[in-house]
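Trainee: Got a sequence here, can you build the structure:
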Amino acid sequence: MSDTQPISKSIAVTRQTMQGLLPIQDSFDLIQRDIRVGGRDSSFYFIDGMIKDEVMLKLMDSVMKVQPDAMPQDATTFSQNHIPYIEVDILGDFDQILRNILSGVLVLFIDGYETGIAIDCRTYPARSVEEPEKDKSLRGSKDGFVETVVFDTALIRRRIRDPHLVMEMLEVGNSSRSDVVLCYMKNLVNQDLLANVRAKIEAIKTTDLCMNQQSLAEALVGSRWYNPFPKFKFSERPDTAAACIMEGKLAILVDNSPAAMILPTSILDMIEEANDYYFPAWTSLYLKISRAIILFLTVFLTPVFLLLMQNPQWIPSSLEFVAVKDIVNIPLAYQLLILELAIDGLRLAALNTPSMLSTPLSVFAGLVLGEFSVRSGWFNSEVMLYMAFVAIANYTQPNFELGYAVKFMRMILLILTASFDWPGFIAGCLLLIILLCTNKTLSGRNYLNIKQN
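Mentor: Numbers count the residues shown, from 1 in each chain. Below you'll find the predicted structure:
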């Protein structure tokens, strides 16, 4: 049976059709509530847990008071006269009916009407809009996006009270039918970029967006596994998203995801954070330069150190103190690569450690792994120092994906330098430049290009 068929005027036929389309008898949360409205058989269909009981009682009380002689000839007039609610729509086929019911909308069928009355009185379980853990601001607002897209659009709308702000709703996924919202300023956004993104989203053929924005990103840009650098900027802060929208950028919100996907994106956008908007210009410039320098050191500090240790004659006399004096059993390259994995192991352990134990275990791990690994002859103290800097410096970057892209490039540089000495180091630098220059975002814009194409 096709779910695009029109709705019958007979409520008996409609109930039979709904029984075939929805597993009402098998699913406890799919509710069919049969009542009498104006002397006619009627049925409510909704999902338990997405409708407030108080709202449901008031709606039932209102429609059950309608007298038979007051029943209009069509559902539109009925909704205008007897539905005491704001968001009401008239649906004409079962495809729209199913989409709305499974999204949490209440639908009413009345015998004699060949349409359904959709009443959007849904409510989703949602957490409070507290500040995100990863993207904190010293002086900015303390709210953040949540998993309900309607709340997220309201947080942006609260900051931009301009009639040019557009919240365009799209739908992706044959099964999940996830809500995707394009947020942009109609008078500022690049129209070619907007049309391109809209066309790509509408052309997506997938069953669901099980991983929300990550699934959407992969569907939009395709498989480019060879390039680890991120192609989107994500932010969990509504003030950052609003500021980007006011700059003419496009923000994409996905229901069930507490973040905004922002594009177009360049490398400068990736190292930008919320504090840059709240501090004076000189302070913001200093912070950006500091993050850029630290990002550069994060990539090249340990590979350059390894290169110099393999070629000690290159070390100037003023920097002879950086040379490794102690001889241990493990080569420097292996030490650096082992510590790269150890740092990720500690990070994963911290994520899975109960909060009450995280601090004492971190101190214990730092003492044991740091002090005794040097004394036992596994690692040089200089290697531990440089890797400690790299581990801490990774957290100076607000973009998590960029941090891991930098880590992968640093490991590639270490492997090439250890294998081929300075030719390998140069080859690794060239590979880094090539990946940056060829990493095109969804807009088709070069990753290193600051201006819009």
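
Trainee: burial of the residue nearest to residue 228 when sequence neighbours are not counted, as a residue count?
Mentor: Closest residue to residue 228 apart from its sequence neighbours, by C-beta to C-beta, 6 or more residues apart in numbering: residue 405 at 4.1 Å. C-beta coordinates here come from the backbone N, C-alpha and C atoms, glycine included. Neighbours of residue 405 under the rule other C-beta atoms under 10 Å: 22.

Trainee: Thought residue 231 was touching residue 405, still the case?
Mentor: No. Between residue 405 and residue 231 there is no contact under C-beta atoms under 8 Å: 10.6 Å.

Trainee: show me where the stretch 251-400 of the chain has helices.
Mentor: 267-270, 275-278, 281-310, 332-352, 355-367, 373-375, 381-393, 400-438 (DSSP state H, counting those that start in this stretch).

Trainee: Mind checking the ones you listed for the one nearest to residue 142?
Mentor: Smallest distance to residue 142 across those (C-beta to C-beta): 12.2 Å, for helix 275-278.

Trainee: if we can go back for a sec, in contact with the residue nearest to residue 228, which residues are there?
Mentor: Going by C-beta atoms under 8 Å, 6 or more residues apart in numbering, residue 405 touches 228-230.

Trainee: okay, now residue 340: neighbour count?
Mentor: Residues lying near residue 340 (other C-beta under 10 Å) number 19.

Trainee: doesn't residue 411 make contact with it?
Mentor: Yes. Contact status for residue 340 versus residue 411: in contact at 5.8 Å, counting by C-beta under 8 Å.

Trainee: separation between residue 27 and residue 411?
Mentor: Distance, residue 27 to residue 411, by C-beta to C-beta, to the nearest Å: 49 Å.

Trainee: between the two, who's got more neighbours?
Mentor: Per other C-beta under 10 Å, whichever of residue 27 and residue 411 has more neighbours is residue 411, with 17 against 11.

Trainee: Spit out the contact partners of the more buried one.
Mentor: Here residue 411 is in contact with 337, 340 (C-beta under 8 Å, 6+ apart).

Trainee: Any stretches of the stretch 151-300 of the chain with poor pLDDT?
Mentor: Scanning the stretch 151-300 of the chain for pLDDT under 70 picks out the ranges 222-225.

Trainee: actually the stretch 301-450 of the chain, sorry about that
Mentor: Looking at the stretch 301-450 of the chain by pLDDT under 70, you get 326-328, 355-377, 442-446, 449-450.

Trainee: The nearest residue to residue 70 once chain neighbours are set aside - how many residues pack around it?
Mentor: Nearest-residue entry for residue 70: residue 38, 6.6 Å, with adjacent residues in sequence omitted and distances by C-beta to C-beta, 6+ apart. Residue 38 sits with 20 neighbouring residues when counted by other C-beta under 10 Å.

Trainee: got it, and residue 272?
Mentor: Burial of residue 272 is recorded as 22 neighbouring residues (other C-beta under 10 Å).

Trainee: ok, now how distant is it from residue 236?
Mentor: Using C-beta to C-beta, residue 272 is found at 14 Å from residue 236.

Trainee: just to revisit the earlier point, between the helices of the stretch 251-400 of the chain, which one is closest to residue 194.
Mentor: Using C-beta to C-beta, those put helix 267-270 closest to residue 194, at 17.9 Å.

Trainee: Residue 43 belongs to a helix?
Mentor: No. Residue 43 is assigned strand when assessed by DSSP: H, G, I helix; E, B strand; the rest coil, not a helix.

Trainee: Go ahead and confirm it touches residue 36.
Mentor: No. Applying C-beta under 8 Å, one finds residue 43 not in contact with residue 36, separated by 10.5 Å.

Trainee: the more surrounded of those two?
Mentor: For residue 43 versus residue 36, neighbours defined as other C-beta under 10 Å are more numerous around residue 43 (19 against 14).

Trainee: and the more buried one, bridged to which residues?
Mentor: residue 34, residue 109 (DSSP bridges).

Trainee: which intervals of the stretch 1-150 of the chain have sub-threshold pLDDT?
Mentor: Across the stretch 1-150 of the chain, the ranges flagged by pLDDT under 70 are 1-4.

Trainee: so where do the helices sit in it?
Mentor: 11-21, 53-64, 75-82, 94-102, 149-159.

Trainee: can those helices go into a markdown table with extra columns for mean neighbour count and distance to residue 262?
Mentor: Shown next, in a markdown table, are the helices of the stretch 1-150 of the chain (neighbours: other C-beta atoms under 10 Å; distance: least, C-beta to C-beta, whole Å):
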| stretch | mean neighbour count | distance to residue 262 |
| --- | --- | --- |
| helix 11-21 | 16 | 38 |
| helix 53-64 | 14 | 35 |
| helix 75-82 | 17 | 39 |
| helix 94-102 | 20 | 28 |
| helix 149-159 | 18 | 12 |
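
Trainee: okay, the ones you listed in a markdown table with distance to residue 305 next?
Mentor: Shown next, in a markdown table, are those (distance: least, C-beta to C-beta, whole Å):
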| stretch | distance to residue 305 |
| --- | --- |
| helix 11-21 | 65 |
| helix 53-64 | 65 |
| helix 75-82 | 72 |
| helix 94-102 | 57 |
| helix 149-159 | 44 |
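
Trainee: which one of the ones you listed lies closest to residue 175?
Mentor: Residue 175 lies closest, by C-beta to C-beta, to one member of those: helix 94-102, at 9.6 Å.

Trainee: So which residues make contact with that closest one?
Mentor: Outside helix 94-102, the residues touching it (C-beta under 8 Å, 6+ apart) are 3-5, 7, 17-18, 21-22, 45-47, 89, 91, 107, 116, 118, 120, 171, 177.

Trainee: can you do 7 Å?
Mentor: Contact partners of helix 94-102, identified using C-beta atoms under 7 Å, 6 or more residues apart in numbering, comprise 3-5, 7, 17, 21, 45-47, 91, 107, 116, 118, 177.

Trainee: With stretch 104-124 instead?
Mentor: Residues outside stretch 104-124 that contact it (C-beta under 7 Å, 6+ apart): 6-11, 14, 37, 40-47, 50-52, 55, 59, 74-75, 78-79, 83, 85, 87-92, 97, 100-101, 148.

Trainee: now swap in stretch 19-39 and tell me
Mentor: Outside stretch 19-39, the residues that touch it by C-beta under 7 Å, 6+ apart are 1, 3, 42-49, 60, 63-64, 66-68, 70-71, 94, 98, 110.

Trainee: let's see 6 Å
Mentor: 1, 3, 42-48, 63, 66, 68, 71, 110 (C-beta atoms under 6 Å, 6 or more residues apart in numbering).

Trainee: Go ahead and build a PyMOL selection from the buried members of the residues you listed.
Mentor: Typed into PyMOL, the line below selects the buried ones among these, using 16 or more other C-beta atoms under 10 Å:
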select buried, resi 42+43+44+45+46+47+63+66+71+110
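
Trainee: and which of the contacts of stretch 19-39 is nearest to residue 334?
Mentor: Nearest member of the contacts of stretch 19-39 to residue 334, counting by C-beta to C-beta, is residue 47, at 56.5 Å.
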